[in-house]
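[1] Dropping the sequence and predicted coords here.
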Amino acid sequence: MEFIRFLQKESGPAGRKIALVTLLGGSISGLIVTVILGAAAKTTDKGTSLRYLLLFTVALAAILAAKRYSLRATNLLTESIVERLRLRITDKIRRADLLFFERAGSSQFFSLLTKESQTISSTAGVAINASSSLVMLVVSFCFIAYLSIAAFILALLAIGVGVIAYRISLEAAEPQMRETLRVENTFFEHIQHLLSGFKELKMSAVKNRAFYEGRLHPLAGDLRTRRVGTNNLFVTTTLIMHGAFYALLGVTIFLLPRLTTIDNGVVMKISAVILFTFGPLLEVIGVIPFVAQASAAIHAIETMERTLDAELSGAIPVNFGETPAPWSFREIEARDLVFTYPEEAGVPGYTVGPLNFTLRAGEIVFLMGGNGSGKSTLLKLFTGLYRARSGQLLVDGQPVTPAALPRYRNMFSIIFTDFHLFDQLYGLSEIDDAQLNRHLADMDLANKTSYYEGRFSHLQLSTGQRKRLALIVAILEQKPLLVCDEWAADQDPQFRRQFYEVILPELKRQGRTIFAATHDEHYFHVADRRLKMEDGQISVVESSLN
């Protein structure tokens with residue numbers, strides 16, 4: 001079983017200790033019924049009753065102590081496993097290439113690291129309880145064998161029916177659970193579309209209706225149908241187990257005395273043991289859907305981890321514990337760079353290149369071109385986020401090898417169109433509060449957000465304000481190169497002019513190099529040179545008219 005195999009692999013010695021204590025607690029739980037039956041048979045003997053009471057008290061204390069240890073240790077172990085799992089996968093994600101991350105989709109990673117890992121965590125405690133109950137059932141049925149072999153055989157038949165029903169339901173449910181998980185991830189992805197595209201859906205009743213009624217609503221219905229179908233399989237299992245239990249009880253009381261020569265007192269004891277096991281039996285049955293869900297979650301997580309391992313198998317390991325040394329440069333050259341996106345559904349991917357251009361230290365270069373011309377791809381290639389199919393990047397004539405990519409990327413501060421704002425200034429050990437506050441005031445953000453106790457007070461800003469805050473962060477990083485992709489597109493005329501005529505010249509004066517994609521023809525004179533992209537290639541290289 002996937003869930004048991006996963007726990008064995010991840011738990012180590014601590015898991016074996018928990019299993020041993022659980023086995024001990026379950027065994028005592030099974031034996032306590034013999035104490036109860038023995039005490040019931042000796043009610044007139046006060047001395048014997050007192051001994052049974054003492055045995056019962058000791059057994060109960062041992063059961064509670066074992067269960068307390070098992071549950072507390074399982075809780076700690078499970079959360080430790082989930083922590084290791086999340087950190088292991090997130091570490092692999094941060095080492096993967098951007099293209100892999102874009103194609104895999106962030107919503108899938110998010111679901112696996114939150115919902116699915118939490119499913120594993122919440123199942124472990126329930127499974128430990130059920131494991132103890134299972135041991136108790138085994139011990140109880142061994143006691144039935146001691147009382148009557150015929151009754152034990154009947155009990156084995158009932159257990160056999162339950163095991164067969166369990167295997168059938170599990171084999172039928174596992175593929176269905178995995179498909180349900182896939183549909184659920186798709187549904188959550190569309191919920192993300194709803195939240196991210198709220199404004200666009202609000203503006204168009206036709207688009208709103210098409211999205212909700214044409215896609216989201218059918219997905220929700222499909223998810224409901226799949227969940228109900230899967231759960232119904234376990235309902236059938238539960239009914240079979242219940243039926244087998246009551247059939248065993250009925251056969252023991254009504255037929256066993258007629259089939260064998262057995263004392264009525266023994267029949268009563270066997271019936272009492274069977275009734276005593278009913279609660280633990282329900283607990284064992286009830287854990288089956290949880291274990292199946294956890295198994296599906298484990299399968300999805302391990303599949304993604306194998307995909308990540310395959311992605312990283314050819315990559316040179318990066319030591320993030322070391323800060324790459326600053327890489328001073330006179331010029332960076334892109335020589336015959338070619339990049340092709342992977343094909344989709346048999347359709348060849350878009351190709352950019354061959355690209356040939358040089359960026360010199362301390363200059364401002366603008367990248368022009370229409371939508372779809374390849375500007376953003378060029379910027380990702382130039383910053384080392386995409387790996388070229390052919391060609392190379394050279395720093396002062398030296399090729400940027402895969403091993404040198406972390407150091408090369410460390411030269412850049414980037415603000416792409418799909419940029420992300422962190423609430424903390426990660427990577428900046430010393431922050432000049434006065435300088436930061438001055439930048440916030442210059443960008444008209446002082447009354448919108450503040451930096452307090454190591455984080456920004458809030459990031460619920462307009463797109464233009466968020467871009468201005470991202471620019472402040474990029475300036476504070478003091479990297480030698482600043483790359484912007486249509487930064488001014490969401491700014492009002494005042495900040496657009498300030499960006500081109502004040503900020504960029506000041507950064508140049510400080511020795512920074514700027515490479516910016518832009519459509520703002522009125523400010524082309526600010527650049528030292530301009531590159532123009534058309535159909536994935538650089539078609540024009542122009543010097544400033546100044």
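    All right, it came through fine. All values reported here derive from a predicted model rather than from experimental measurement.
[2] residue closest to the middle of this protein?
    By C-alpha atoms, centre = their mean, the mean C-alpha position of the chain lies nearest to residue 113, the distance being 1.6 Å.
[3] so what pLDDT did that one get?
    Residue 113 carries a pLDDT value of 75.
[4] Nearest residue to it in space, ignoring adjacent ones along the chain?
    residue 86 (5.5 Å; C-beta to C-beta, 6 or more residues apart in numbering). Using the backbone N, CA and C atoms, a C-beta is placed for each residue, glycine as well.
[5] I'd guessed the one you found sits against residue 118; true?
    No - contact criterion C-beta atoms under 8 Å: residue 86 and residue 118 do not qualify, at 10.1 Å.
[6] Out of these two, name the residue with the larger neighbour count.
    The neighbour count for residue 86 versus residue 118, taken as other C-beta atoms under 10 Å, is higher for residue 86 (15 against 12).
[7] Would you agree the more buried one falls within a helix?
    Yes - Residue 86 sits within a helix when classified using DSSP: H, G, I helix; E, B strand; the rest coil.
[8] Would you mind putting the CA coordinates of stretch 242-259 into PDB?
    Extracted C-alpha coordinates of stretch 242-259, given in PDB (Å, rounded to 0.1, in the frame of the first residue of the first chain):
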ATOM      1  CA  HIS A 242     -21.000  -4.400   8.600                       C
ATOM      2  CA  GLY A 243     -23.000  -7.200   7.000                       C
ATOM      3  CA  ALA A 244     -20.100  -9.700   7.600                       C
ATOM      4  CA  PHE A 245     -19.900  -8.600  11.300                       C
ATOM      5  CA  TYR A 246     -23.600  -9.000  12.000                       C
ATOM      6  CA  ALA A 247     -23.700 -12.200  10.100                       C
ATOM      7  CA  LEU A 248     -20.800 -13.500  12.300                       C
ATOM      8  CA  LEU A 249     -22.700 -12.400  15.400                       C
ATOM      9  CA  GLY A 250     -25.900 -14.100  14.200                       C
ATOM     10  CA  VAL A 251     -24.200 -17.300  13.300                       C
ATOM     11  CA  THR A 252     -22.300 -17.400  16.600                       C
ATOM     12  CA  ILE A 253     -25.500 -17.000  18.700                       C
ATOM     13  CA  PHE A 254     -28.100 -18.900  16.600                       C
ATOM     14  CA  LEU A 255     -26.200 -21.500  14.600                       C
ATOM     15  CA  LEU A 256     -23.000 -22.300  16.400                       C
ATOM     16  CA  PRO A 257     -24.700 -24.100  19.300                       C
ATOM     17  CA  ARG A 258     -26.500 -26.300  16.700                       C
ATOM     18  CA  LEU A 259     -23.400 -27.000  14.600                       C
END
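[9] Pull out the buried positions in that stretch.
    Under the neighbour-count criterion of 16 or more other C-beta atoms under 10 Å, stretch 242-259 has 244-245, 248-249, 251-252, 256 buried.
[10] How far off centre is it?
    In terms of C-alpha atoms, centre = their mean, to the nearest Å, the centre of stretch 242-259 is found 49 Å from the chain centre.
[11] How about stretch 287-294?
    19 Å.
[12] For it, give the mean pLDDT please.
    Mean pLDDT, stretch 287-294: 75.
[13] same question, stretch 452-466
    Here stretch 452-466 scores 79 as its mean pLDDT.
[14] mind listing what's buried in it?
    Those would be 456, 461, 464-466, for stretch 452-466 by 16+ other C-beta under 10 Å.
[15] Sketch out the low-pLDDT regions of the stretch 401-546 of the chain for me.
    Applying pLDDT under 70 to the stretch 401-546 of the chain flags the ranges 540-546.
[16] For it, just list every one of the strands.
    Using DSSP state E, counting those that start in this stretch, the strands of the stretch 401-546 of the chain run over residues 412-415, 451-452, 455-456, 481-485, 513-517, 529-534, 537-543.
[17] Nearest to residue 177 among those would be which one?
    Using C-beta to C-beta as the measure, strand 455-456 is the one of those that comes nearest residue 177, at 39.9 Å.
[18] List the contacts of that closest one.
    421, 423-424, 449-450, 469 (C-beta atoms under 8 Å, 6 or more residues apart in numbering).
[19] try 10 Å this time
    Strand 455-456 has contacts (C-beta atoms under 10 Å, 6 or more residues apart in numbering) with 421-425, 436, 440, 445, 448-450, 469, 473.
[20] Helices - which of these land there?
    Counting by DSSP state H, the part of those found in helices is 436, 440, 469, 473.
[21] In CSV: the contacts of strand 455-456, plus distance to residue 277 and neighbour count.
    What follows is those, written out as CSV (distance: C-beta to C-beta, whole Å; neighbours: other C-beta atoms under 10 Å):
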residue, distance to residue 277, neighbour count
421, 58, 13
422, 55, 12
423, 54, 13
424, 55, 11
425, 61, 17
436, 67, 19
440, 69, 20
445, 67, 19
448, 65, 19
449, 62, 19
450, 64, 14
469, 64, 20
473, 63, 20
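[22] Of those, which is the nearest to residue 309?
    Closest to residue 309, out of all of the contacts of strand 455-456 and judged by C-beta to C-beta, is residue 422, at 27.7 Å.
[23] Pull the contacting residues for the closest residue to the closest one other than its chain neighbours.
    In space, and not counting its chain neighbours, residue 422 is closest to residue 473: 8.0 Å by C-beta to C-beta, 6+ apart. By C-beta under 10 Å, 6+ apart, the contact list for residue 473 reads 413, 415, 419, 421-422, 425-428, 436, 439, 456.
[24] circling back to that earlier point, the residue nearest to the centre of the chain and residue 121: what is the separation?
    12 Å (C-beta to C-beta, to the nearest Å).
[25] what do those two both touch?
    82, 85.
[26] coming back round to it: looking at it, the residue nearest to residue 113 is touching residue 305, isn't it?
    No - with contacts counted by C-beta atoms under 10 Å, residue 86 stays clear of residue 305, the gap being 11.3 Å.
[27] anything in contact with each of these two?
    residue 112.
[28] For residue 492, give me the backbone phi and psi.
    Backbone torsions of residue 492, given as degrees, to the nearest 10, read phi -80, psi 170.
[29] ok, the nearest residue to it once chain neighbours are set aside - contacts?
    Ranked by C-beta to C-beta, 6+ apart and with sequence neighbours excluded, the top spatial neighbour of residue 492 is residue 464, at 6.9 Å. Applying C-beta under 10 Å, 6+ apart to residue 464 gives the contacts 443-444, 487-492, 495-496.
[30] Likewise for residue 391?
    Contacts of residue 391 (C-beta under 10 Å, 6+ apart): 334-339, 353-356, 381.
[31] Could you do residue 274 as well?
    Here residue 274 is in contact with 140-141, 144, 151, 154-155, 158, 245-246, 248-249, 252-253, 281 (C-beta under 10 Å, 6+ apart).
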